[in-house]
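Enquirer: just the structure for this:
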Amino acid sequence: MYICDIKLLQKVVITKTWPALDEALKDMLTTDEYEFSKCMKIADLGCSSGPNTLLVISHIIENLSKLQEHAPREIQVFLNDLPDNDFNNLFKLMSTNTNTNTKNNIECYIYGAPGSFYGRLFPNNSLHFAYSSTSIHWHSQIPQGLEKNNKENIYIATTSPPHVYEAYSKQFERDFTTFLKLRGEEIRGGGRMVLGFLGRSVADPTSKDEFKPYTLISETLSDMVSEGLVKEDDLHSFNIPIYGPSVQEIEGAVESEGSFNLDKMEFAFVPWDAKEDCNNYEKNNTSGKIVAKCVRAFLEPLLVVHFGSSINVDHVFDVYAEKVEEHLSVERSSYFFHVISLTRKTTTG
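Expert: Below you'll find the model as predicted:
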């Protein structure tokens, strides 16, 4: 159930990337100097294991077929995620979906590519196009130097000391620079990349709480500390490896790393519960419960690893759902997502 809800939210985010994706593919295939008529190689980075992966592949095939004589005859799609991703389930889904096999005279061959995208995944100059949605905001690790300095907060909050923001920002710079460098080695000159990921609309993260969902989790855990249900030291040492960068940070990293031109940067606001964009939620779910299920899908494993058996996860998210519902009754809030389109430079010198 929790996975189902977060997949619906992710689907909304994915559809927000369609305009940039469609434009990048059309531009690459109609104006690029390279010939893709034989086989085009595509990577979906952080693909997960559900129907949204099929959605991405089917959409790409549909749009390639519209390019007629410019469309490749064959495509290879490499599905990347961490090794513990359920690739078996993913390929079972693929085997029953004809849109991902042969359609409009485009043969599609699909492969798994397990591993972190903060490491090398493909040979030099082997890819033509890379795509990622709702993945790049995950750090490779919890930022160093936080220790217990963030106290009751589990992420950057308006009450966090400056060095907490600096630690998260530096970790993003290291990770995103590494990501760009590695993809710059794997994507051939003139190739494209489209990324959609969590971000923020202001440069100073302490000036506006754009990550209120995490603040409300912090408040929930703080309440449990007061009730003797969670150890204070455990809360003070818990931080999540997610970061929503600003426009300035993204532009700076792309320019500094130097492998890509930043062609376009757009943004999208997606409601926490995605209700304005999706009609598939159960009618008896309140917004608070919907958001709680989405957050639980990715946060529960982190909570269990850090707090161990001492934490009652059901209680955490029951209380959290009430806090979210109370917040949304006063203010309809949204996530801020970046959608960026990049072109691999033909030379980096």
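
Enquirer: check which element follows whichever strand or helix holds residue 298 along the chain.
Expert: Assigning secondary structure by DSSP states H and E places residue 298 in helix 287-307. Elements were assigned by DSSP H and E; along the chain past helix 287-307, the next helix or strand is helix 313-330.

Enquirer: let me see the ranges of the strands in this structure.
Expert: Secondary structure of the chain by DSSP state E: the strands cover 39-45, 74-81, 102-103, 106-114, 127-133, 187-199, 260-271, 334-344.

Enquirer: give me the packing partners of the last one, helices and strands only.
Expert: Taking 3 or more CB pairs under 8 Å, 6 or more residues apart in numbering; DSSP states H and E as the contact definition, the neighbouring helices and strands of strand 334-344 are helix 2-16, helix 18-31, strand 187-199, helix 247-257, strand 260-271. (C-beta placed from N, C-alpha, C; glycine too.)

Enquirer: try the first one
Expert: When contacts are defined as 3+ CB pairs under 8 Å, 6+ apart, strand 39-45 packs onto helix 51-65, strand 74-81, strand 127-133.

Enquirer: buried ones in that strand?
Expert: 40, 41, 42, 43, 44, 45 (16 or more other CB atoms under 10 Å).

Enquirer: related to what we said a few turns ago, got TSV for the strands of the chain, with distance to residue 176 and mean pLDDT too?
Expert: Below are the strands of the chain laid out as TSV (distance: least, CB to CB, whole Å; pLDDT from 0 to 100):
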stretch	distance to residue 176	mean pLDDT
strand 39-45	13	95
strand 74-81	17	94
strand 102-103	35	53
strand 106-114	20	91
strand 127-133	12	96
strand 187-199	10	95
strand 260-271	11	95
strand 334-344	11	96
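
Enquirer: low-confidence stretches in this protein?
Expert: Applying pLDDT under 70 to the chain picks out residues 1-6, 32-37, 96-104, 276-285, 347-349.

Enquirer: any idea which residue is closest to the centre of it?
Expert: In the chain, the C-alpha nearest the mean C-alpha coordinate belongs to residue 134, at 1.6 Å (CA atoms, centre = their mean).

Enquirer: was I right to think that residue contacts residue 46?
Expert: Yes - contact between residue 134 and residue 46 holds when scored by CB atoms under 8 Å: they sit 7.3 Å apart.

Enquirer: distance of residue 154 relative to residue 236?
Expert: From residue 154 over to residue 236 the distance is 10 Å, taken as CB to CB, to the nearest Å.

Enquirer: so for these two, which residue has more residues nearby?
Expert: Between residue 154 and residue 236, residue 154 has the larger neighbour count (other CB atoms under 10 Å), namely 25 against 18.

Enquirer: list the contacts for the residue nearest to that one when sequence neighbours are not counted?
Expert: The shortest distance from residue 154 to any residue other than its chain neighbours is 5.0 Å, reached at residue 218 (CB to CB, 6 or more residues apart in numbering). With contacts defined as CB atoms under 8 Å, 6 or more residues apart in numbering, the neighbours of residue 218 are 152, 153, 154, 155, 157.

Enquirer: tell me which of those residues is nearest to residue 193?
Expert: Distances from residue 193 to these, taken as CB to CB, are shortest for residue 155 (26.9 Å).
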